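Participant: Sequence and predicted structure, then a few things I'm wondering about:
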Amino acid sequence: MQLETHHIADHNQSRAEAHQRKLSYWTNEVAKAEPIIQKLIDFQIAIPSWALGTGGTRFGRFPGGGEPRSLEEKIADVGLLHALNQASGAISLHIPWDIPSDAQAIQQLAAQHGLRFDAVNSNTFQDQPDQAASYKFGSLQHTDPAVRRQAIEHNIEVIRHGVALGSDALTVWLSDGSCFPGQLNFRKAFDRTLESLEEIYAALPDNWKMFVEYKAFEPNFYSMTVGDWGSSLLYASKLGPKAFTLVDLGHHLPNANIEQIVAILLHEGKLGGFHFNDSKYGDDDLTAGSIKPYQLFLIFNELVDGMDARGLDHARDLGWMIDASHNVKDPLEDLLQSVEAIQLAYAQALLVDRVALEEAREANDVVRAQELLQDAFRTDVRPLVAEARRRAGGALQPLALFRQLNVRGQLIGERGAKTVATGL
Ligand SMILES: [Mn+2]
């Protein structure tokens, strides 16, 4: 389905008065409002192609119907999101789930929806039907050079697909590790992985980045070969200036201080990008901001501070992606919620009085420092985010409009009730 311009105009018209009432506080009383609105308009969050279908667990999967059956339909879905919120202007593909048969046509289709291609993702965590060697005991770390060769070639093929689509980054997430003590020689696994990554790194075009993503556990439960930000940073540092650490919020042990990790990586010039999601226990697929919104704000507080300290462009110099695919919500509604939660945390971080915060820190005024952060976090910035959407051509309330237009019902009508998105 295609969203018509009048749908958004009618919706915004019907909510204009209430919106203006809430916004007037900002435009009349807060000097920072205009620059924050502009930064929100510029800030785009990439949607992963695998988040457009209902995820599952190893116990079951309950598709909701109308899920995209092809890469073209996935692009159409991200186009819908972007039309509604004007903040989802990029798509992140997973190879081999989303191999474009005609890269030029796919690129044109994406451009029609105002989308660009963000980082491309390789997959050596499952076996494909036509592949010669198995990744059961790892890919880039494998004891058998033939398996490593296959995984290296796959990553290089992913780069080729990305080049054809106009992407400029490769995300490598490895499930490599071990499930039981004694299974793996940690030092050999590290060296083999590094050697394999070096070959992939050598195949990167000049303007490309490589993101090395870490994860504390799952699918391997005793050790992960890229298990934390320390090992990711070690690989990225050894690889060279085009390699960076990628932080996936759900890939930490419980209660990890992610904001501190982010601050140090950014300070060292080695933070490449983000995968947004949320988690309660050991999961990594819940809607961003649904469980720990204060943590998300504290992370953005470090991001804004660190990016400004290095003179980085908030919108362009780091990779911003969602990585979540869970079991019970309509995936498109979930993504609208995730994008909004990210925008809210970003807007609140932009509100922090940094001069006063530094003064409080230098004076060891702990109470004042906490007050300054919580003052920003407890400010309702929803009118600012809605205004940014409105000015960019999106809907004041994307989720409400999505439901009002019965988008899911229409997608089920077009695609059927029993469709299952390709991917996980
Ligand atoms: Mn991830």
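Facilitator: Yep, that arrived. Numbers count the residues shown, from 1 in each chain.
Participant: all contacts plus neighbour counts: C-alpha atoms, from now on.
Facilitator: Will do.
Participant: can you map out the helices along the stretch 151-300 of the chain?
Facilitator: Ranges of helices in the stretch 151-300 of the chain, per DSSP state H, counting those that start in this stretch, are 186-202, 229-239, 258-267, 293-309.
Participant: what about these, which gets the closest to residue 349?
Facilitator: Nearest of the helices of the stretch 151-300 of the chain to residue 349, taken as CA to CA: helix 293-309 at 4.6 Å.
Participant: So for the closest one, mean pLDDT?
Facilitator: Throughout helix 293-309, pLDDT has a mean value of 98.
Participant: tilt between it and helix 258-267?
Facilitator: Between the axis of helix 293-309 and that of helix 258-267 there is an angle of 10 degrees, by axes from the mean of the first three to the mean of the last three CA atoms, to 10 degrees.
Participant: and the gap between the closest residue to residue 159 other than its chain neighbours and residue 225?
Facilitator: Leaving aside its sequence neighbours, residue 159 sits nearest to residue 170 (CA to CA, 6 or more residues apart in numbering; 6.6 Å). Per CA to CA, to the nearest Å, residue 170 is found 19 Å from residue 225.
Participant: go on, residue 55?
Facilitator: 25 Å.
Participant: And for the residue positioned nearest the centre of the chain, nearest residue in space, chain neighbours not counted?
Facilitator: The centre of the chain sits closest to residue 321, judged by CA atoms, centre = their mean, with a distance of 1.9 Å. In space, and not counting its chain neighbours, residue 321 is closest to residue 46: 4.5 Å by CA to CA, 6+ apart.
Participant: Just grab the bridge partners of that neighbour for me.
Facilitator: Beta bridges link residue 46 to residue 90, residue 321 when assigned by DSSP bridges.
Participant: what's around it, how many residues?
Facilitator: Neighbours of residue 46 under the rule other CA atoms under 10 Å: 27.
Participant: wait, isn't it in contact with residue 82?
Facilitator: No - Residue 46 lies out of contact with residue 82 (CA atoms under 8 Å); the separation is 10.0 Å.
Participant: Are there residues contacting both of these two? Which ones?
Facilitator: Shared contacts of residue 46 and residue 82 (CA atoms under 8 Å, 6 or more residues apart in numbering): 88, 89.
Participant: show me what contacts the residue nearest to the centre of the chain?
Facilitator: By CA under 8 Å, 6+ apart, residue 321 lies in contact with 45, 46, 47, 48, 92, 273, 274, 275, 276.
Participant: pLDDT weak spots in the stretch 101-250 of the chain?
Facilitator: Counting by pLDDT under 70, the stretch 101-250 of the chain contains no low-confidence range.
Participant: how far out from the middle of the chain is stretch 34-41?
Facilitator: Distance, stretch centre to chain centre, for stretch 34-41: 21 Å (CA atoms, centre = their mean, to the nearest Å).
Participant: meant to ask about stretch 19-32
Facilitator: For stretch 19-32, the distance to the chain centre is 30 Å (CA atoms, centre = their mean).
Participant: do the same with stretch 86-96
Facilitator: For stretch 86-96, the separation from the chain centroid amounts to 9 Å (computed by CA atoms, centre = their mean).
Participant: pull the CA atoms of that stretch into PDB?
Facilitator: Coordinates of each C-alpha in stretch 86-96 appear next as PDB, following Å, rounded to 0.1, in the frame of the first residue of the first chain:
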ATOM      1  CA  GLN A  86      10.300  10.900   8.200                       C
ATOM      2  CA  ALA A  87      13.000   9.500  10.500                       C
ATOM      3  CA  SER A  88      13.500   6.000   9.000                       C
ATOM      4  CA  GLY A  89      15.300   7.000   5.800                       C
ATOM      5  CA  ALA A  90      17.600   4.000   5.600                       C
ATOM      6  CA  ILE A  91      17.500   0.200   5.400                       C
ATOM      7  CA  SER A  92      20.000  -2.300   6.600                       C
ATOM      8  CA  LEU A  93      20.100  -5.600   4.600                       C
ATOM      9  CA  HIS A  94      21.100  -9.000   5.700                       C
ATOM     10  CA  ILE A  95      22.800 -11.300   3.200                       C
ATOM     11  CA  PRO A  96      21.900 -13.900   2.100                       C
END
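Participant: measure residue 130 to residue 152 for me?
Facilitator: 16 Å.
Participant: ok, these two, which is more surrounded?
Facilitator: Legend: neighbour count by other CA under 10 Å for residue 130 and residue 152, higher for residue 152 (24 against 6).
Participant: which residues touch that one?
Facilitator: Each residue near residue 152 by CA under 8 Å, 6+ apart is listed here: 140, 196, 197, 199, 200.
Participant: Going through those residues, which ones are buried?
Facilitator: The neighbour count (16 or more other CA atoms under 10 Å) marks 140, 196, 197, 199, 200 as buried among these.
Participant: and the last one, how far is that from residue 40?
Facilitator: By that I understand residue 200. Separation of residue 200 from residue 40 (CA to CA): 35 Å.
Participant: same check, this time on residue 388
Facilitator: Distance of residue 388 to residue 40, computed by CA to CA: 6 Å.
Participant: repeat for residue 148
Facilitator: Note on residue 148: its distance to residue 40, by CA to CA, is 42 Å.
Participant: Ok, residue 123 next?
Facilitator: Applying CA to CA, the value for residue 123 to residue 40 is 32 Å.
Participant: quick one, which of these two is more surrounded?
Facilitator: residue 40 (25 against 21).
Participant: in the helix or strand encompassing the more buried one, what's buried?
Facilitator: Using DSSP states H and E, residue 40 sits within helix 33-42. Going by neighbour count (16+ other CA under 10 Å), the buried part of helix 33-42 is 33, 36, 37, 39, 40, 41, 42.
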